[in-house]
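Participant: Using only what follows, build the 3D model:
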Amino acid sequence: MAGDNRHLLIPLDHSVSDGPVAPAGQWDDLLRALVAGGADGIIVHKGRARGLAPDILKSCALVVHLSASTACATDVDAKVLVGDVEEAVTLGADAVSVHVNIGSDTESRQLADLGAVARSCDTWGMPLIAMVYPRGPRIDNPHDPALLAHIVNVAADLGADMVKTSVALPLERMAEVVAHSPIPVLAAGGPPDGSDLIEYGRAVMASGCRGLAVGRRIFSAPSPASLVARLAAVVHSGTDGDLAKGMAEDMSMTNYSTTIVAGVA
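Facilitator: All right, here's what the predicted structure looks like:
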């Protein structure tokens with residue numbers, strides 16, 4: 001992914017968990033807008049990866065997500081494997097990702113799946129991103145720094161190359177999580193309280209995180225390319241993101257907009 005070992009990833013796997021990200025006819029335009037804005041990688045399931053136009057990935061990494069569940073499930077925290085590393089290799093993936101919910105009723109199976117995927121990644125030389133979150137009936141405070149420090153070590157110990165997880169609150173305590181992690185940490189999503197995404201990005205990067213993985217807050221924005229450009233500036237150059245705003249507004253795909261389908265929060 002990025003040459004400076006910092007990463008702005010855009011998860012687009014929500015179409016399995018929650019419902020459509022964008023109308024089918026606007027999917028390629030959305031991806032081109034994200035790449036034009038400066039996304040380092042997109043995260044999709046294998047079916048979407050098969051249909052990607054070749055030009056879209058010229059300057060953007062492809063991460064194939066191997067886990068799934070839907071909002072209609074009896075247990076929404078019960079992730080299962082729906083793909084494998086071998087499939088990702090045939091699709092030309094640059095990395096794969098696996099989701100684990102610590103504290104869920106099916107935690108043990110999810111941990112076993114992560115370990116098995118890590119073994120296959122070693123065989124194929126495929127980088128592994130573990131998306132590990134404190135979610136389930138045994139979690140009292142999902143933003144507890146001590147809990148998150150435990151979680152990032154679970155990812156590292158089971159073979160992940162990078163971990164994506166929730167942020168500690170207050171945000172400055174995310175530095176404690178990063179300090180305990182032997183692998184790079186990506187902050188998941190946007191600010192829990194819905195506040196300014198750029199300010200959130202600054203705080204997260206200042207804590208020592210290696211990047212951001214933001215999906216819904218970007219693909220539901222009126223101008224995804226502009227927002228991605230501002231976040232990319234925060235991730236890669238440490239600027240406030242405003243310097244990139246004007247340039248992004250001149251991009252050919254800046255005016256892309258998507259209608260959020262009912263059911264996607």
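
Participant: Regarding Ile42, what is its secondary structure?
Facilitator: For Ile42, the assignment made with DSSP: H, G, I helix; E, B strand; the rest coil gives strand.

Participant: What is the neighbour count of it?
Facilitator: Counted by other CB atoms under 10 Å, the residues lying close to Ile42 total 24. Every residue, glycine included, has its C-beta placed from N, CA and C.

Participant: Run through the residues that contact it.
Facilitator: Listed by CB atoms under 8 Å, 6 or more residues apart in numbering, the contact partners of Ile42 are Leu9, Ile10, Pro11, Leu12, Leu31, Leu34, Val35, Cys60, Ala61, Leu62, Val63.

Participant: ok, residues contacting the lengthiest helix in the chain?
Facilitator: Ranked by residue count and defined by DSSP state H, the top helix of the chain is helix 107-124. By CB under 8 Å, 6+ apart, the residues outside helix 107-124 that reach it are 66-67, 78-81, 84-86, 89, 96, 98-101, 104, 126-128, 130, 132, 136, 154-155, 158-161.

Participant: Now list the buried members of the residues you listed.
Facilitator: 66-67, 78-79, 81, 84-85, 89, 96, 98-101, 104, 126-128, 130, 132, 136, 154-155, 158-161 (16 or more other CB atoms under 10 Å).

Participant: mind listing which of those are in strands?
Facilitator: Among these, the members found in strands (DSSP state E) are Ser67, Leu81, Val96, Val98, His99, Val100, Asn101, Leu128, Ala130, Val132.

Participant: thought the last one was touching Lys164?
Facilitator: To tie it back to what came earlier, the one meant is Val132. Yes. Counting by CB atoms under 8 Å, Val132 touches Lys164, with 7.5 Å between them.

Participant: Apart from its chain neighbours, what residue comes closest to Met126?
Facilitator: Using CB to CB, 6 or more residues apart in numbering and skipping residues adjacent in sequence, the residue nearest Met126 is Val85, 5.4 Å away.

Participant: So that neighbour sits against Val96, correct?
Facilitator: Yes. Under the criterion of CB under 8 Å, Val85 makes contact with Val96 at 5.9 Å.

Participant: which residues do the two both contact?
Facilitator: By CB under 8 Å, 6+ apart, Val85 and Val96 have these common neighbours: Leu66, Val117, Cys121, Met126.

Participant: List just the nearest of these to Ser226.
Facilitator: Nearest to Ser226 among these is Leu66, at 31.2 Å by CB to CB.

Participant: Quickly note the distance from Lys79 to Ala73.
Facilitator: 10 Å (CB to CB, to the nearest Å).

Participant: Mutual contacts of the two, please.
Facilitator: With CB under 8 Å, 6+ apart, Lys79 and Ala73 have no common neighbours.

Participant: all helices of the stretch 101-250 of the chain, in order?
Facilitator: For the stretch 101-250 of the chain, the helices defined by DSSP state H, counting those that start in this stretch cover 107-124, 145-157, 174-179, 197-206, 216-219, 224-237, 242-249.
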